[in-house]
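Participant: Provided below for reference: sequence and predicted model.
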Amino acid sequence: AVGDVARKLACSEKSLWNWLGMVAGVPPADRLAYLIDGRAGRKSPGMRADPDDEFCDLVRSNWLRDAKYSLKAAYDDAVDIWANEKRNSPIPPVHQVRRWMKLHVSKPTEVFWRKGAEALKQLYPAQTRTKAFMEPLECVQGDYHKFDVFVWWPGHDTPIRPQLMAWSDVYSGKLLAWRLSPTANSHTVQLVTGDLIRKWGVPKSVLIDNGREFANKAMTGGAKTRNRFKIKGEDIPGLLPLLGIDIHWATPYSGQSKPIERAFRDLCDRIAKHAAFAGAYTGNRPEAKPESYGSRAIPLEEFAAVMERGLHAHNARPDRRSEVAMGRSFDEVFAEGYARAVIRRATDEQLRLFLLRAEGLRAKKDNGELKLLGTRYWSEWMYRIAGQDVVARFDPDDLAAGLEVYDLKGRILGPAAAMEDVPFRSVEDARDHAKKRGDWLRAAKQEARAAKKYADAEIAARLRGAGALPVAGDLPEA
C-alpha cells in the first residue's frame, strides 16, 4: 500500500514512512501540525537577502556575449571587479546569481546575444503555406545552383564548378526548364525563361530573389516592387512585365522562402555525388573536402548527360510526400493539373524576345543613329526617333545581324542595320556608300515634295486675296 501511495504522490517510499513515523500515536485532528518541517520558517544566511542587482547586472552583461562565456567565469570576473572597487554590499553566492539569471534573462534575450539574430529568428514558428488550392504555372520559382563537381568547360584553362539555372513549378515541384552555364548571369536566365514559356506556356507569376542575374532591367525593368538599381521613368521594359507576369521577391538567404532549394539539396546527393564523378566531387564546403579532392575533372558533355538523367529522374521519382503529391511523382501531379488548367501562350514575336539581349540607348539627335559596343546602326526610318530613348534588342553572338528597335512601352519600331567601317582608300566601298546615300536622298526628296501640297506662290496669292499681304505695286503709307 505504501508503494502505491508513493507512486501516486510522486515521492519516495522512505519519505512516506518518515511522515507516518512523525504522526504515529497522534490523533488525526492534530497530525498536520506534527508534519510541519521545523526548517520551513528559517532561512540560511545566504538566503536572508536578495542578491545585489548591480552585481547580477555585471554578471549578466558579461555572460550575454557571442563568445558564449560560461556563467561561472562571468561570476568570477564580477567578484574580482567587486573586490577591486571595494563595494559595501556582500557578494552573493553563485547559486543565488544563477537563480536571479533564470528570472531576469528571457530565452529570446539569451539566444540573441549568445547565438545571434539568425538564431533568434528561428525561435519564431515558421509559417505553413498550403499549395492545395493552386494549379500548375500559377507560380514558378527560379534560382541558380552551383554543382560541387569540377568540370572542364570549353574556353576555360582550369576546371570550374558549373551552375544550373532552373525553373520549377511551385504547385507540383516539377523542374520545368534548365540550362548549364559557367557563371550565374542574366542572359542564361533570359534563355531558360524562353525555354519555359515556349514549352509549357506563360506563368501567372514568378518567385525570384533580388540577385543581379534575376533583377536586371532586361527581365524585370518597370516592375514597381523591384528594389535593385535606380528606377527611372525611361527604364527599358522587362520581359516579364511585358508578358503580364507578376513578380514576387523571395527573402534573401532564406531557404524557407524558396521551395526549389529542397530540389537542389536532392541534386547535391544524387548528381554531384554520382559514381561517375568520383574524384571530381569538391565537397559542399571548404572544410569538407574529400580525400580525392582535385584529382579529376569531368568533360562537359559527360557531366551534362548525367545531369539530364538525374533531373528527369527527380521529376519521375514516385512516393513524394508533399500535400498535393500524396505518393505520386512530380510528373504525375503536374500532368494532372496541367490538363485542366487554362494556359496562356506567347506569340512567336514574344518568344523571339527571349533570344535577344536588350540595351537602352539614346538615338543621335540629328539622324537617329544608334551606337552599341562600338558598332553603328542606322536605317532610313530612324530620323523619326532622333534624340529619343529607345530599346535595342540584338543577338550578342552576331552583332552584324543588326538591331530590332523598340520604344519604352515595348512596341516595335523597326530594324536597324549595322554600318561597317571600311578601309580609308577603298574606292569600291566609297562608291557603294555614295550610291546608297544617293538613293536615300532621292527617296527623301520625293517624300518631302509629296508632303508639300501647296506651292509657296499659291499660299502667298491666297494670303493677298485674304488681305493679309499687300498687292504688288502698292506702297505702305509713311
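Facilitator: Great, that's in hand.
Participant: quick one, phi/psi of L20?
Facilitator: Here is the backbone geometry of L20 (degrees, to the nearest 10): phi -60, psi -40.
Participant: ignore the last one, G3
Facilitator: Per-residue torsions, G3: phi -60, psi -40 (degrees, to the nearest 10).
Participant: who touches it in this structure?
Facilitator: Shown in contact with G3 (Cβ atoms under 8 Å, 6 or more residues apart in numbering): E13. Every C-beta, even on glycine, is put in place using the N, C-alpha and C of the backbone.
Participant: I figured N367 hits R384, correct?
Facilitator: No: using Cβ atoms under 8 Å, N367 makes no contact with R384, being 10.3 Å away.
Participant: Need the nearest residue in space to S181, chain neighbours excluded.
Facilitator: Counting by Cβ to Cβ, 6 or more residues apart in numbering, the nearest residue to S181 once its immediate chain neighbours are dropped is T188, at 4.2 Å.
Participant: Share the number of residues neighbouring that neighbour, please.
Facilitator: Look at T188: counted by other Cβ atoms under 10 Å, it has 20 neighbours.
Participant: same check, this time on R60
Facilitator: Neighbours of R60 under the rule other Cβ under 10 Å: 21.
Participant: likewise A272?
Facilitator: The number of residues packed near A272 is 21, by other Cβ under 10 Å.
Participant: Pop out the phi and psi values for it.
Facilitator: According to degrees, to the nearest 10, A272 has phi -60, psi -30.
Participant: Ok, Y281 next?
Facilitator: Phi and psi for Y281, reported as degrees, to the nearest 10, are phi -70, psi 140.
Participant: Over to the one 10 residues further on?
Facilitator: Backbone torsions for E291, taken as degrees, to the nearest 10, come to phi -60, psi -30.
Participant: What score does it have for pLDDT?
Facilitator: At E291 the predicted local confidence, pLDDT, stands at 88.
Participant: ok, now which ones touch it?
Facilitator: Taking Cβ under 8 Å, 6+ apart as the definition, E291 has no contacts.
Participant: circling back to that earlier point, let me know whether the residue nearest to S181 touches P182 as I believe.
Facilitator: No: T188 is beyond contact range of P182, at 9.4 Å (criterion: Cβ under 8 Å).
Participant: Any figure for the gap between the residue nearest to S181 and I245?
Facilitator: To I245, T188 is 18 Å away according to Cβ to Cβ, to the nearest Å.
Participant: again, but for W167
Facilitator: As judged by Cβ to Cβ, W167 and I245 stand 12 Å apart.
Participant: Of those two, which one has the most company?
Facilitator: Per other Cβ under 10 Å, whichever of W167 and I245 has more neighbours is W167, with 25 against 22.
Participant: For that one, give its distance to Y144.
Facilitator: Taking Cβ to Cβ as the measure, W167 falls 11 Å from Y144.
Participant: And for L408?
Facilitator: Per Cβ to Cβ, L408 is found 29 Å from Y144.
Participant: per-residue pLDDT, the residue nearest to V26 when sequence neighbours are not counted?
Facilitator: Distance criterion Cβ to Cβ, 6+ apart; nearest residue to V26, sequence neighbours excluded, is Y34 at 5.4 Å. In this prediction, Y34 carries a pLDDT score of 82.
Participant: Do I have it right that Y34 meets A24?
Facilitator: No: Y34 is beyond contact range of A24, at 9.4 Å (criterion: Cβ under 8 Å).
Participant: So for the helix or strand hosting P415, mean pLDDT?
Facilitator: Using DSSP states H and E, P415 sits within strand 412-419. Here strand 412-419 scores 89 as its mean pLDDT.
Participant: Report all helices and strands that that strand contacts.
Facilitator: Contact partners of strand 412-419 among helices and strands, from 3 or more Cβ pairs under 8 Å, 6 or more residues apart in numbering; DSSP states H and E: strand 375-378, strand 403-406.
Participant: Pairing partners for that strand, with directions?
Facilitator: Strand 412-419 pairs in its sheet with strand 375-378 (antiparallel), strand 403-406 (antiparallel), by DSSP bridges.
Participant: Point out the most buried one among the helices and strands packed on strand 412-419.
Facilitator: Ranked by mean neighbour count, the helices and strands packed on strand 412-419 are led by strand 403-406 with a mean of 22 (mean count of other Cβ atoms under 10 Å).
Participant: quick one: average confidence on that strand?
Facilitator: Strand 403-406 carries an average pLDDT of 90.
Participant: hmm, back to that, in the strand holding P415, which of the residues would be classed as buried?
Facilitator: 413, 416, 418-419 (16 or more other Cβ atoms under 10 Å).
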